[in-house]
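>>> got a structure for you, letters missing:
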């Protein structure tokens, strides 16, 4: 059974991501994801749930632990006629009891016990008459129908074990969600930086065109309206820069929130640029079998079916009559000396025994039968949900793969469109400088070039997110960051006893 209390030494030296980023001014996607796994509060909550589920197994298994018991009681009584001289009787009784009992996984309850009792009788004449009695006994109650056998009595333990496995699957789901959300936020920030570059380049062109138009106006080659158009274009480009800066800051805050950071850097951090998908191999679509064998959502539903089956088994057991075998035997001894009284016990001076069968069953068993039918309905419902989930995963696999295919195609198409727009803009600039084009046509060409740039960036971002979605679905996402599920668990593991 896995215990979430150790973090490998190779991971303990990892400094805080904010400190790394502030020192280097650069943040990698792997650093962001690893930090989110270590600091994300939702993951820490799920990690504590795993620890709780692990302890619940111990709670369920403890019902079969041996129980030790002991008691000591002293009682006294005195007759109302007692005067301490010649009338009445005074009694004093001391009782001690000890033993062990245990519930076996067969359903049997076994108890071994011993009783010791001392009676003192003082009569009015002042004589003391102590008597010591002791006994050793064993009792057994074994269900013969309802509650018989380990397959029934170990159901609570099995349920606790399944709950532990489900807690691990919930943690795995949360980890995958955290990984994908963090990387998506990382590339959103990278996209914002790329947009800023596009806007900055456009601003530089607008500034250059304004200077050229002012010079052309000075020599009589341009009109005042063209200068005003250049100034308006420059103002628009400056506004776009302000919007791009806000997008970067908002994206950076979102990323650090995903990373579980409590402090946000004042300076803008550099990140990896959006990847170039030129020549990117398409790969093959994950098989549905692979997804169903690894996806925690599907595996969790399989466990829900198992839980329903255990509930049905337990409910069916309740429809059986209660037939219990009862047996017991004890030996007792009596003497005026406590040691001799136990000696008489071992010599079996006195004994008693019990043997019998107890039977009970509700008339008609309507309630038990109805509850059993409810559990059968629950099993069928969970099986249907499992089948429905299988269909959902098949559609999700097809949709995400289709998004990846179309994403690559869009990137290639947008790249060609960008190259065309770039060449057209350069030609429009040349024509304008030669007096063969109007300034308005030049601005429209620049806007087309900017839009082509943004379409290309959007296509790349969508392709990245489609790829992340596929890897999250078939649970291969940790390998993207050079992690396995085991190392991921250790990264998010809470310290036991220290929430």
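Ah, there it is. Being a predicted model, the structure only gives us computed values, none of them experimental.
>>> which of the three states applies to the residue lying closest to residue 67 once chain neighbours are set aside?
Closest residue to residue 67 apart from its sequence neighbours, by CB to CB, 6 or more residues apart in numbering: residue 101 at 4.9 Å. Where C-beta positions appear, they are placed from N, C-alpha and C, glycine not excepted. What DSSP: H, G, I helix; E, B strand; the rest coil gives for residue 101 is strand.
>>> tell me, how many residues neighbour residue 101?
Residue 101 has 14 neighbouring residues, counting by other CB atoms under 10 Å.
>>> again, but for residue 477
Neighbour count for residue 477, taken as other CB under 10 Å: 22.
>>> that one against residue 179, yeah?
Yes. The criterion here is CB atoms under 8 Å, and residue 477 meets it with residue 179 at 5.2 Å.
>>> just the strands in the stretch 151-300 of the chain please.
Remark: strands assigned in the stretch 151-300 of the chain by DSSP state E, counting those that start in this stretch are 270-271.
>>> so where's it shaky on pLDDT?
221-222, 278-280 (pLDDT under 70).
>>> how about the helices in the stretch 351-499 of the chain?
366-433, 439-473, 485-492 (DSSP state H, counting those that start in this stretch).
>>> what angle separates the longest one from helix 439-473?
Angle between the axes of helix 366-433 and helix 439-473 is 150 degrees (criterion: axes from the mean of the first three to the mean of the last three CA atoms, to 10 degrees).
>>> what residue is smack in the middle of the chain?
When CA atoms, centre = their mean is applied to the chain, the residue found nearest the centroid is residue 171 (2.4 Å).
>>> list the contacts of the nearest residue to that one once chain neighbours are set aside.
Nearest residue to residue 171 in three dimensions, chain neighbours excluded: residue 46, at 4.3 Å (CB to CB, 6+ apart). Under the criterion of CB atoms under 8 Å, 6 or more residues apart in numbering, the contact list for residue 46 reads 167, 170-171, 174, 492.
>>> of those, just the buried ones, PyMOL syntax please.
In PyMOL, this line selects whichever of these come out buried by 16 or more other CB atoms under 10 Å:
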select buried, resi 167+170+171+174+492
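>>> so what's residue 117 bridging to?
Listed by DSSP bridges, the beta-bridge partners for residue 117 are residue 95, residue 133.
>>> same list, the contacts of residue 46, but as JSON lines with distance to residue 184 please.
Shown next, in JSON lines, are the contacts of residue 46 (distance: CB to CB, whole Å):
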{"residue": "167", "distance to residue 184": "26"}
{"residue": "170", "distance to residue 184": "21"}
{"residue": "171", "distance to residue 184": "20"}
{"residue": "174", "distance to residue 184": "15"}
{"residue": "492", "distance to residue 184": "19"}
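>>> so which of the contacts of residue 46 is the closest to residue 339?
Lowest distance from residue 339 to these (CB to CB) belongs to residue 167, with 55.9 Å.
>>> what's the spacing between the closest residue to residue 378 other than its chain neighbours and residue 239?
Distance criterion CB to CB, 6+ apart; nearest residue to residue 378, sequence neighbours excluded, is residue 308 at 4.6 Å. Computed as CB to CB, to the nearest Å, the residue 308 to residue 239 distance reads 60 Å.
>>> of those two, which one has the most company?
residue 308 (20 against 11).
>>> okay, and the more buried one sits in which element?
Counting by DSSP states H and E, the element that carries residue 308 is helix 296-318.
>>> counting contacts, what elements does that helix pack onto?
helix 150-153, helix 155-218, helix 366-433 (3 or more CB pairs under 8 Å, 6 or more residues apart in numbering; DSSP states H and E).
>>> next SSE after that helix?
For helix 296-318, the following helix or strand on the C-terminal side (DSSP H and E) is strand 322-335.
>>> how far does that following strand sit from its chain's centre?
51 Å (CA atoms, centre = their mean, to the nearest Å).
>>> quick one: strands adjacent to it?
strand 128-143 (antiparallel), strand 350-360 (antiparallel).
>>> how about that strand: buried residues?
323-324, 330-335.
>>> just stretch 35-51 next, same as before
35-40, 43-44, 46-51.
>>> re the thing from before, which of the buried residues of strand 322-335 sits closest to residue 58?
Closest to residue 58, out of all of those and judged by CB to CB, is residue 324, at 28.5 Å.
>>> contacts only, for the closest one.
By CB under 8 Å, 6+ apart, the contact list for residue 324 reads 141-144, 357-358.
>>> list only buried entries from those residues.
The buried subset of the contacts of residue 324 - by 16+ other CB under 10 Å - is 141-144.
>>> mind putting those residues into JSON lines with pLDDT and distance to residue 414?
Formatted as JSON lines, the buried ones among the contacts of residue 324 follow (pLDDT from 0 to 100; distance: CB to CB, whole Å):
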{"residue": "141", "pLDDT": "92", "distance to residue 414": "78"}
{"residue": "142", "pLDDT": "92", "distance to residue 414": "77"}
{"residue": "143", "pLDDT": "92", "distance to residue 414": "73"}
{"residue": "144", "pLDDT": "91", "distance to residue 414": "76"}
